[in-house]
Every structure is written in C-alpha cells, then in structure tokens.
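> Predicted model and sequence below, questions to follow.
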Amino acid sequence: MMFETAILVGILFGFAVWLILQSSFVKILFGFILLSNAANLAMLSSSGSPSGRSAPVVLDGIAVTAMADPLPQALVLTAIVIGFGVLSYLVVLLYRIFLDQKTTNAAELFDESRSQEGGPEQ
C-alpha cells in the first residue's frame, strides 16, 4: 500500500509542478491546490499504517504498546486549513488581476507592447 501511495504522491507533485509552470494563472491556481494535496498525502503516509494500533488513550492504567501517532493527522488538518486560506487569497488575487488587466495569461500580462498600445487606462 505504501508503494502505491508513493507513486500517487509523485504523480501529484509532478503534475502540480507542471501546472505551476504554465502561463495561465488559473492553471497555476490548480497547481497550488494539487501541490497542497500532495504534500498533505505525503505527510500522512509518512506516519505509517494505523492498522493494528490503538488510539493514544490510556484507560484504567492499562498500558497499550502499539499506539497510533496523532501528530501527522493534526499537522495535516492544520495544513488543510492553511491551504484553504492561501487558496482563498489566490482566488481573490486572480479575480483582481482579471478585473484590472482583462487577462489571466501571464505572458500577456507582462507583454510590454500590450501595455504601451492598448493596455488598461491608468
């Protein structure tokens, strides 16, 4: 199971980097979403399999030898919340870029001939 998860994380990271290197800001946004999900999956899979382990709760003084580690789950939950905040910021930033520049293409946005000939009024 760990091999399949490692392959999936590698594919997600590769596709996310490919999307981030595109010229469209919408594709860059989807690349950041995939990158966040791939990092969360990598962090969660690094904790190992929880099968055969019990919750990290000691009741009535009974010591349990094999407990599941709750730290990776807590870190992934925090990363999901932070990723949602960054995603919200990037969506609003993309919206403002589109309203101001009338394009979501980075190549057109930084084209000097476009800004000199018929760009948006300042």
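Cool, got the structure. Numbering: from 1, shown residues only.

> Now the phi/psi pair for residue 54, please.
phi -110, psi 170 (degrees, to the nearest 10).

> Which residue, neighbours along the chain excluded, lies closest to it?
residue 64 (5.0 Å; C-beta to C-beta, 6 or more residues apart in numbering). Just so you know, the C-beta spots here come from the backbone N, C-alpha and C atoms, and that holds for glycine as well.

> tell me, how many neighbours does that neighbour end up with?
Residue 64 has 13 neighbouring residues, counting by other C-beta atoms under 10 Å.

> Next, it: secondary structure please.
Classification of residue 64 by DSSP: H, G, I helix; E, B strand; the rest coil places it in coil.

> separation between it and residue 44?
22 Å (C-beta to C-beta, to the nearest Å).

> now residue 105
35 Å.

> and residue 28, how many neighbours?
Residue neighbour count, defined by other C-beta under 10 Å, stands at 18 for residue 28.

> what do you get for residue 40?
Neighbour count for residue 40, taken as other C-beta under 10 Å: 19.

> where's it, which helix or strand?
Using DSSP states H and E, residue 40 falls within helix 25-45.

> what's the next secondary structure element after that helix?
Toward the C-terminus, helix 25-45 is succeeded by helix 71-101 as the next helix or strand (DSSP H and E).

> which residues sit in contact with residue 91?
For residue 91, the contacting residues are residue 29, by C-beta atoms under 8 Å, 6 or more residues apart in numbering.

> OK, contacts around the most centrally placed residue in the chain?
Note on the chain: the residue nearest the mean C-alpha position is residue 36, at 1.4 Å, using C-alpha atoms, centre = their mean. Contact analysis of residue 36 by C-beta under 8 Å, 6+ apart lists 79, 83, 86-87.
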